[in-house]
Structure formats: C-alpha cells, structure tokens
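> Quick one, structure for this:
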Amino acid sequence: MTNIRTIAKKSGYSASTVSRFINQSGYVSDKASKEIKRIIDEMDYVPNAIARDLSKGQTFTIGVVVPHMRHPFFSELTHGIMDLAFAAEYNVLFLESQYDEKLEQKYLEKLHRKAFDALIFISRKLPLTELIKYQKYGPVVCCENPQDNPIAAAYTLRESTYQQAFEWVKQGGYSKIAIILSRPYGNSATSKIIFHSYKKVFGTFPDSNLVYTDCYNYNDGYQSAHLIARNTPDFIFGNSDDITAGIYQYYLDNNLELPALMGQENQISGSLLKIPTIDHHLKMIGQAACELAITGAIKSVSIESEFIIR
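Here you go, the predicted structure:
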C-alpha cells in the first residue's frame, strides 16, 4: 500500500519532507517538490483525507439533527446549511431523529467522540439543558429562540408576524378559522406560538374542532381536506403553501365552495394560487446556523419573518 514512507523511500527524501509537501505545512525546495510530485503522480497516490483531518483535530464535518424532511421548514433550513457549508469546504452529515430522545442523545455522544466538529439541531425532543452540557466537546447550535439559555441559536422571529396575519384575517371578517399544523400544541414550539398569537388577536385559543395536525406536504393537505370541509370553515390557515394547495385541490375536485386560504413558507404553489403567505426566510436561518457551527460563537442570530399579501 502506498503511503508517505513509500514515497519517501522512492524519492530519496525524508518522510517529514514528503509530509510537508503533501500537507503544504512548511518549506520544501523546488527540486524536492518536483521529484516528490513525480513519484506521487507515478504511484497515483491520494492522501487519506480522514487521517489528515484527524491529525489536525478536525473532521470538517457538521452533523445536522433533523426529525424528518417531509416539511419545508426542515428542507429549506437544510438547504441554507448546505449552501454555507459547501462554500466553507465542510461536509454535512444528516442525522434523522424522528424526535427520538435516545437517538438525539446518541448524536451528542458522537460529538463527544469527535465524529464531527459541530452539531446543529434543527428541531429536538431533548431539553436545551442537555444540549448545553455537550458544548464543551464542540459547537452545538439550535434553530429556535433559546430565551436565556447559553447556547448558539439561529431562528426566525415569528410571533409578531403571526399576529399581523391573524389581524388581517380578523379584518376580513372571518371567524370560523381552521388551523393546520404539523404537531399538536403540547409537542411543538411553533404550534404554541401560533395558538398564542391567535389568542392575542381573537381573545381565545382556536376552536379545537378546527385544529388539524400531522400535515407535512401536499398529499397530507389533500387527504385531510375532507375532515376540514366537514366543519365548513370560512378561512383555512395552512402550515405551508404546498399543504394549502392540497386542500385547495380537494375542494375543486369535489365541487365544494372554497373558503379563503393562507399558506406559509412562500413556496411556488402559493405564488401560483395567489394566496397570502408567511415567509420565515428559512434558508437564511440555515446559513446563520452553519456559520455559528463553524465559528463556535455562542450567540443568538434572529431574522424577522414576513407576511406577504397577494
């Protein structure tokens, strides 16, 4: 097997000189460089990147803990992470969790064992206090408002935008409002923000009979629409433009009177349907999270979401 010692023996230069040439870590004369390069080309030698990175104490890999990729909230964030990681010559390793605490703990332990340089939690089940414990082993970043917890965070400011959207709904005279969610109130920070924003505008939480969960994509929206239509809402607040488009199509296919609609995430489907939406600027959040993972800075980066009326 070709290695540095083999190249050193064949070139007539020391292993340390060959190592300096390969890693560009010190002076090597022009004569030595030419001969070492000739031998490397002749033997078709490629340095072991893993071993080289470990010798530097880095893997140049960022672990990204994501529950799943079925909702645009997660897919758009990961696109932002990949954009910045690629530009910085870092690898990204996606770690699916399905909100399993044991799996999330396992990924933290892998950070402890230096399997990657940093971890980004796009969403989580473990308490933030558990994530904070592992910061001594490498950067740990969350994609939510950490409040007073000392952890790196990149997140979108949503509450005022949700209130603005619900004010717009209220001014439109709508009162029987269906709310579409991924996860129920008790399991989701986003659902809690939506409920509390709704209450600030309407004075009460949404009618539980008009709250629908487990919707992640167009098909979920279409499949759940028969339940929604049964309660005849006059407004549907979807948790993505694609999900809202699925509901829209069900109403058309079944010749039902279409209520007013709103989506989220500013997707192409919402633009084509000309429905209002909320843009949480998730790619920007992903980029900010990746930068925190690379730099190791323990600070919060927040970006305002945007209510778009069409």
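> For the stretch 51-200 of the chain, give me the ranges with low pLDDT.
Along the stretch 51-200 of the chain, the parts satisfying pLDDT under 70 run over 51-57.
> switch the cut-off to 80
For the stretch 51-200 of the chain, applying pLDDT under 80 flags the ranges 51-58, 72.
> which residues of the stretch 201-310 of the chain fall in strands?
211-212, 235-237, 260-262, 277-279, 300-304, 306-308 (DSSP state E, counting those that start in this stretch).
> Please identify the deepest-packed of those.
strand 235-237 (a mean of 25; mean count of other Cβ atoms under 10 Å). (C-beta placed from N, C-alpha, C; glycine too.)
> and that one, how far from the chain's centre?
What separates the centre of strand 235-237 from the centre of its chain is 26 Å, taken as Cα atoms, centre = their mean, to the nearest Å.
> Identify the neighbouring strands of that strand in the sheet and state each direction.
If you go by DSSP bridges, strand 235-237 pairs up with strand 177-180 (parallel), strand 260-262 (parallel).
> Identify the residues contacting stretch 188-199?
Residues outside stretch 188-199 that contact it (Cβ atoms under 8 Å, 6 or more residues apart in numbering) are 73, 144, 158-159, 162-163, 166, 177, 179, 181-185, 205-206, 237.
> and that stretch, which residues are buried?
Neighbour counts over stretch 188-199 (16 or more other Cβ atoms under 10 Å) mark 188, 190-191, 193-195, 197-198 as buried.
> quick check: domain ranges of this protein?
4-47, 61-157+282-308, 159-279 (automatic domain parsing).
> of the contacts of stretch 188-199, buried ones?
Burial by neighbour count, 16+ other Cβ under 10 Å: within the contacts of stretch 188-199 this picks out 73, 144, 158, 162-163, 166, 177, 179, 181-183, 185, 206, 237.
> Redo the strands of the stretch 201-310 of the chain as TSV? Include mean pLDDT.
Listed next are these as TSV, based on pLDDT from 0 to 100:
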stretch	mean pLDDT
strand 211-212	96
strand 235-237	98
strand 260-262	97
strand 277-279	97
strand 300-304	96
strand 306-308	97
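> Among those, which comes closest to residue 32?
Among the strands of the stretch 201-310 of the chain, the nearest to residue 32 by Cβ to Cβ is strand 300-304 (46.8 Å).
> export that closest one as CSV, just CAs?
C-alpha atoms of strand 300-304 as CSV (Å, rounded to 0.1, in the frame of the first residue of the first chain):
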residue,chain,number,x,y,z
SER,A,300,-28.2,34.3,19.0
VAL,A,301,-29.0,35.3,15.5
SER,A,302,-32.6,36.2,14.8
ILE,A,303,-34.3,37.1,11.5
GLU,A,304,-37.7,38.7,11.1
